[in-house]
Structure formats: C-alpha cells, structure tokens
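**Q** okay, predicted coordinates and the sequence, questions at the end:
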Amino acid sequence: MDEDLRERLRTAAASHRPDRARMLARIERGMAEEPPARPTRAPRSPMPWLRVAGATAAVCGVLTAGALAVTSAGQEEPAGGQRVAAEPTPSGPASPSPGRGGALPAGSGPLWSDGSLNPNSNNYWAQSEVTVKTTRPLTELTVELRIALNGGVDTTGSWRSLPVEDFAASAREEGGFLVYRWTLKPGRGVPTGTHTFAGQYNHAEGARDTGRDDYTARARTADGRTSVGGDFAETH
C-alpha cells in the first residue's frame with residue numbers, strides 16, 4: 001500500500017462519526033430475534049426441614065385445639081364456676097331434732113313432739129320452740145309453752161307455722177311461769193305434718209337455766225283425744 005492510500009484512510013477514519021441511535025436499535029433487534037431462554041429450575045430451599053417442622057407444628061396445634069374443644073363440650077359448668085350436685089329427695093318427712101337445750105322427743109298415738117331452744121338464742125334473748133308432728137288431721141289442738149320466770153324473763157312475742165287466723169294466742173304470767181298458749185279455733189283443722197309453735201322473750205345477761213321450762217300439746221282426731229308433753233334440757 002502506498003503512502004497516498006494510507007493518508008486517505010487516516011483522513012476518513014478521523015472524520016467518521018458513529019450513529020449511536022442506529023447501533024442501539026440494531027442491538028435491540030438482535031435481542032428480539034434471539035430464541036427464548038430455557039426455563040431454569042427454582043433453587044431448592046437451603047433448609048427443607050424447616051417446612052416439615054412448621055407443618056408438623058401446625059398439625060399438632062389443630063389436633064390439640066380439637067381435643068380441647070371435645071373436652072369442653074363434654075363438661076357443663078354452672079354459673080359462678082362451680083359444679084352443683086342435686087341432693088336426693090327424702091322418702092318421707094325428716095323428724096325434727098332437738099336444738100341447743102332440747103330434750104328428748106315424746107310421742108303418743110298419732111302425735112309426736114319436741115321442745116328445744118332455738119340456736120339463734122343469745123345471752124340476752126331466747127326463743128323456745130315446741131314442735132308437733134301429727135300423722136292424722138286434728139280437729140282440736142291446744143299447745144302450752146311454760147317458761148319459768150327466772151333471770152328477768154319478759155315476753156317479746158310468739159309465732160306459729162300454721163295460719164295465724166286459725167288460732168287464738170295469748171301470753172301471760174301464771175303461777176311463776178310465762179305461759180304461751182295457742183288454741184285451735186272451732187271449725188278449723190290442723191293437717192297432717194310437722195308444725196312449730198315458738199315463744200320469744202328477753203332475760204338477764206348470761207345463759208338462762210331452762211331446767212323448769214316445759215310444754216304440753218292436747219289434740220283430738222277422728223279416733224279420739226290424745227296428748228303429748230315434755231321439758232327442755234337444763235342449761236347453765
């Protein structure tokens with residue numbers, strides 16, 4: 001190659017200006033014509049045991065929740081969180097038992113009786129009770145409760161478990177006693193069952209001696225008359 005040709009080539013190279021936009025367009029066309037790349041497999045988890053452990057924990061959680069739900073459905077708690085057991089109903093009426101200061105009960109035919117000091121009695125006040133149980137209806141009944149006038153005894157009232165309108169009641173001092181008396185009115189009756197007659201009174205401070213207190217109950221049934229009576233255990 002002579003010197004003149006070399007000079008022309010250098011001149012042409014120096015004056016050349018590349019078309020950048022055209023070059024980029026050719027590259028983009030070339031890339032669009034390339035075949036699609038083969039799909040690559042997703043990388044394996046570096047710690048597959050984590051997925052197994054997680055699934056196992058989830059299954060265990062579901063089983064545990066199910067067991068708790070079954071257990072809860074089988075138990076029923078009453079209001080307040082406590083379980084209440086029903087008491088069996090007695091086959092017959094329970095016999096009254098003597099309270100504090102009570103004496104042994106007495107019985108005669110269809111009647112049974114007991115005298116007792118109510119457990120709520122205290123060092124200033126007391127309630128003496130006569131319990132009468134009858135196995136037959138009564139057409140007549142008179143109950144007398146006698147409280148010895150010792151230790152400043154003074155009546156504060158009386159009551160009975162039977163209807164108040166069926167009885168004439170009184171409380172008065174007679175022969176050294178405070179006598180409570182309940183008398184069934186004519187034409188009235190007393191049904192079978194257990195009935196209570198009570199006298200209430202104040203007394204001097206301390207435990208009052210009940211050794212002289214007593215009671216009687218006189219009644220009539222369709223078969224005739226009957227009566228019972230007793231006293232109260234001595235207290236000091």
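**A** Yep, that arrived. Just so you know, these numbers come straight off a predicted model, no measurement behind them.
**Q** helices and strands of this structure: which one has the lowest mean pLDDT?
**A** The weakest-scoring helix or strand in the chain, judged by mean pLDDT, DSSP states H and E, is helix 49-73 (a mean of 37).
**Q** what about residue 165, how many neighbours?
**A** For residue 165, the count of nearby residues is 7 (other CB atoms under 10 Å). Where C-beta positions appear, they are placed from N, C-alpha and C, glycine not excepted.
**Q** where do the helices sit along this structure?
**A** In the chain, the helices defined using DSSP state H lie at 3-15, 20-32, 49-73.
**Q** for the chain, give me the ranges with low pLDDT.
**A** 1-2, 5, 12-107, 234-236 (pLDDT under 70).
**Q** ranges for the strands of it?
**A** 106-108, 111-117, 125-134, 140-148, 154-160, 167-174, 177-184, 193-202, 214-221, 224-231 (DSSP state E).
**Q** next, format those strands as JSON lines and append distance to residue 208.
**A** Formatted as JSON lines, the strands of the chain follow (distance: least, CB to CB, whole Å):
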{"stretch": "strand 106-108", "distance to residue 208": "23"}
{"stretch": "strand 111-117", "distance to residue 208": "9"}
{"stretch": "strand 125-134", "distance to residue 208": "6"}
{"stretch": "strand 140-148", "distance to residue 208": "9"}
{"stretch": "strand 154-160", "distance to residue 208": "12"}
{"stretch": "strand 167-174", "distance to residue 208": "16"}
{"stretch": "strand 177-184", "distance to residue 208": "12"}
{"stretch": "strand 193-202", "distance to residue 208": "9"}
{"stretch": "strand 214-221", "distance to residue 208": "15"}
{"stretch": "strand 224-231", "distance to residue 208": "14"}
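**Q** include mean neighbour count when you put those strands into TSV, please.
**A** Listed next are the strands of the chain as TSV, based on neighbours: other CB atoms under 10 Å:
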stretch	mean neighbour count
strand 106-108	15
strand 111-117	23
strand 125-134	23
strand 140-148	21
strand 154-160	15
strand 167-174	14
strand 177-184	20
strand 193-202	19
strand 214-221	21
strand 224-231	16
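**Q** out of these, nearest to residue 7?
**A** strand 125-134 (146.0 Å; CB to CB).
**Q** who touches the spatially closest residue to residue 135 that is not a sequence neighbour in this structure?
**A** Excluding the flanking residues, the one nearest residue 135 by CB to CB, 6 or more residues apart in numbering is residue 110, at 4.5 Å. The contact partners of residue 110, by CB atoms under 8 Å, 6 or more residues apart in numbering, come to 134, 135, 136, 221, 223, 226.
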